[in-house]
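S.K.: Mind folding the following:
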Amino acid sequence: MKAKIILVSIVMGVIIAVWLSGSASADTSTGLVKPVVNVIQSYSGSLTIGGDVDEEGVMNFGDLPAQGEPATKILTLNVTANANWQITVTTTQNLTDANTGDTISPDMFTFTSSGCLGPTYMTLDTQFRTGDHTQEDEVTVNVVTDGSDTDSCDVNVVYRLVVPETQAEGYYSAGNHVYTLIVGE
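M.R.: Below is the predicted model:
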């Protein structure tokens with residue numbers, strides 16, 4: 001009986017030793033890692049504003065008679081871009097008298113654009129908004145498309161306003177016109 005206990009003890013000892021040696025050994029197999037990095041070209045550009053605006057960006061047409069000659073103001077945008085670019089303008093409301101709620105029809109307030117050679121400009125009177133847009137709509141339209149990389153390109157945006165004969169007297173404001181330079185798209 002003693003011999004069986006010793007034999008069982010020896011067998012158990014061998015099993016435990018084999019088990020411990022297997023779990024204590026280090027894995028020396030090798031693997032291969034292949035890092036992949038996609039480099040995205042960074043686009044940059046800047047847009048500076050000048051022309052018939054004050055230091056706060058306000059373009060004031062002043063007092064205009066109803067059914068008078070069209071009034072114009074020029075906004076100058078200087079563009080630098082390291083890739084293809086375009087400019088959009090987003091408007092937040094029609095020309096509106098805040099006190100009375102009277103508005104000037106959107107087709108009376110338009111713009112054209114021109115500038116350096118190459119880009120595509122809006123050469124015909126283009127509405128910032130149409131009669132289909134409500135006062136609450138933000139409306140975005142193209143000012144310039146198809147520009148290519150440039151150190152300096154002056155874009156002139158000519159605002160044109162005609163006050164209709166039936167327009168009520170008042171102080172009209174167009175809200176914000178936000179110009180956005182989009183580079184690399």
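S.K.: Could you give the bridge partners of residue 144?
M.R.: Note on residue 144: beta-bridge partners by DSSP bridges are residue 87, residue 121.
S.K.: Give me the phi and psi angles of the nearest residue to residue 100 once chain neighbours are set aside.
M.R.: Spatial nearest neighbour of residue 100, chain neighbours left out: residue 170 (5.7 Å); criterion: C-beta to C-beta, 6 or more residues apart in numbering. C-beta here means a position set from N, CA and C on the backbone, and glycine is covered the same way. Backbone torsions of residue 170, given as degrees, to the nearest 10, read phi 170, psi -180.
S.K.: wait, residue 170 sits on residue 103?
M.R.: No: the pair residue 170 / residue 103 is not scored as a contact, 10.1 Å apart, by C-beta atoms under 8 Å.
S.K.: okay, and the common contacts of these two?
M.R.: Common contacts of residue 170 and residue 103 (C-beta atoms under 8 Å, 6 or more residues apart in numbering): residue 97.
S.K.: give the contact list for the residue nearest to residue 100.
M.R.: Each residue near residue 170 by C-beta under 8 Å, 6+ apart is listed here: 97, 99, 100, 102.
S.K.: From residue 75, how far off is it?
M.R.: Plainly put, residue 170 is 24 Å away from residue 75 if you go by C-beta to C-beta, to the nearest Å.
S.K.: quick one, strands of this protein?
M.R.: 45-51, 71-81, 85-91, 96-97, 109-115, 120-121, 126-127, 139-147, 150-161, 172-173, 177-183 (DSSP state E).
S.K.: could I have the longest one exported to CSV, CA atoms only?
M.R.: Listed in CSV are the C-alpha atoms of strand 150-161, where the atom choice follows Å, rounded to 0.1, in the frame of the first residue of the first chain:
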residue,chain,number,x,y,z
THR,A,150,-3.0,82.0,-54.5
ASP,A,151,-0.9,84.3,-52.3
SER,A,152,-3.3,87.2,-52.9
CYS,A,153,-6.5,87.5,-54.8
ASP,A,154,-8.8,90.6,-54.4
VAL,A,155,-12.5,89.8,-54.8
ASN,A,156,-14.8,92.7,-55.2
VAL,A,157,-18.4,92.1,-54.1
VAL,A,158,-20.6,95.0,-55.4
TYR,A,159,-23.8,95.4,-53.4
ARG,A,160,-26.7,97.0,-55.3
LEU,A,161,-29.8,98.3,-53.7
